[in-house]
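>>> for reference, the sequence and a predicted model appear below.
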Amino acid sequence: MSAVSGDSKRITTHKLQEMKKAGEKIAMLTAYDFSMARILDRAGIDVLLVGDSASNVMAGHETTLPITLDQMIYHASSVIRGVQKALVVVDLPFGTYQGNSKEALNSAIRIMKETGAHGVKMEGGDEVLDSVSRIVRAGIPVMGHLGLMPQSIYKYGTYTVRAKEEKEAEKLLSDAKLLQEAGCFSLVLEKIPASLATRVAGSLEIPVIGIGAGNGVDGQVLVTHDMLGLTYEFHPRFLRRYLNLFEEISHAVGAYVQDVKSRDFPNEKEQY
Ligand code: KIV
């Protein structure tokens, strides 16, 4: 975890651009609730993503598809209340922007108005370009997302590495440039070869944040539940675990159960 920064100024999309230019890496994590957002923000995280991975790690769904706009708004408004410094970006959930650009803009506006977040993230390249442009024109910062796009899991059929073949790699590079031209302020690249991610980051002026995309990009993002070891059954190669909270919490709860059963808790100092 990074140290607490002395700079209490808010992170902006402009600041992220400056960080890329200065070669300063961007640290991004997911957050879905007030308490965790407050810890991550105080620990010096630059960007908090209210990811639709909430569908997996908060709600226990197998995919990100079921989460609704109202549920994302609930998570995002909780996160915002815990944040003083980080830039907060919220995923537009599946089915709220693929239909047409007006629907996409309405969804993005709801997120901005009802949560106080600072931007939205959308999966896809040329397929969603109209929507990206329309949202950007309305003054809402958009983060793109290419490579493995979990909202399209039933199209791919698997969560394996994307864009290993030349044709898909070229489309990804072309989509990345289109998203930049459409006004995206940054781009997430998920689970693609490191060499391709480095090439994309080198070809774009906007910051590129990787997850399973190697070290040649401008920043990294992980799902907080994974890096803290709450999701013990998930072991992709790109994941570095900084804690094993599943075990630590199980241990603490086991001790509490034992203390209650043995009448050790509460003791005299813990009562009125
Ligand atoms: O929803 C999410 O957590 C994400 C990250 C994996 C980038 O999109």
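Everything's here; your move.

>>> state the helix or strand in which residue 252 lies.
helix 245-261 (DSSP states H and E).

>>> distance between that helix and the chain's centre?
Put simply, helix 245-261 sits 30 Å off its chain's centre (CA atoms, centre = their mean, to the nearest Å).

>>> could you list the buried residues of it?
For helix 245-261, the neighbour count (16 or more other CB atoms under 10 Å) marks 245, 246 as buried. Any C-beta I mention is one placed from the backbone N, CA and C, and that applies to glycine too.

>>> close to the ligand, is the helix or strand of the chain with the lowest mean pLDDT?
When the helices and strands of the chain are compared on mean pLDDT, DSSP states H and E, helix 153-156 comes out lowest with a mean of 94. No: residues of helix 153-156 are not located near the ligand by CB under 6 Å from any ligand atom, the shortest gap being 12.2 Å.

>>> pull the CA atoms of that helix into PDB?
The C-alpha atoms that make up helix 153-156 are tabulated as PDB, following Å, rounded to 0.1, in the frame of the first residue of the first chain:
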ATOM      1  CA  ILE A 153     -18.500 -12.700 -21.100                       C
ATOM      2  CA  TYR A 154     -21.200 -14.700 -22.800                       C
ATOM      3  CA  LYS A 155     -19.800 -13.500 -26.200                       C
ATOM      4  CA  TYR A 156     -16.300 -14.700 -25.300                       C
END
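
>>> list of residues touching that helix?
63, 64, 65, 148, 159, 162 (CB atoms under 8 Å, 6 or more residues apart in numbering).

>>> leaving out sequence neighbours, find the closest residue to residue 259.
Closest residue in space to residue 259, ignoring its immediate chain neighbours: residue 265 at 3.8 Å, by CB to CB, 6 or more residues apart in numbering.

>>> need the phi and psi values for the one you found.
Reported as degrees, to the nearest 10, the phi and psi values for residue 265 are phi -110, psi 130.

>>> that one and residue 254, how far apart?
From residue 265 across to residue 254, the span is 13 Å (CB to CB, to the nearest Å).

>>> what do you get for residue 142?
45 Å.

>>> residue 162 contacts residue 196, correct?
No: applying CB atoms under 8 Å, one finds residue 162 not in contact with residue 196, separated by 9.2 Å.

>>> which neighbours do those two share?
Common contact partners of residue 162 and residue 196 (CB under 8 Å, 6+ apart): residue 172.

>>> now the helices for the chain?
For the chain, applying DSSP state H gives helices covering 13-22, 34-42, 54-57, 69-80, 101-115, 129-137, 153-156, 166-182, 194-203, 224-227, 245-261.

>>> which of those has the lowest mean pLDDT?
Mean pLDDT is lowest for helix 153-156 among the helices of the chain, at a mean of 94.

>>> distance from the chain centre to that one, please.
20 Å.

>>> give the buried residues for that helix.
Quick answer for helix 153-156 (16+ other CB under 10 Å): residue 153.

>>> figure out which of the helices of the chain is closest to residue 212.
Taking CB to CB, helix 194-203 is the member of the helices of the chain nearest to residue 212, at 9.0 Å.

>>> right, I'll call it a day here.
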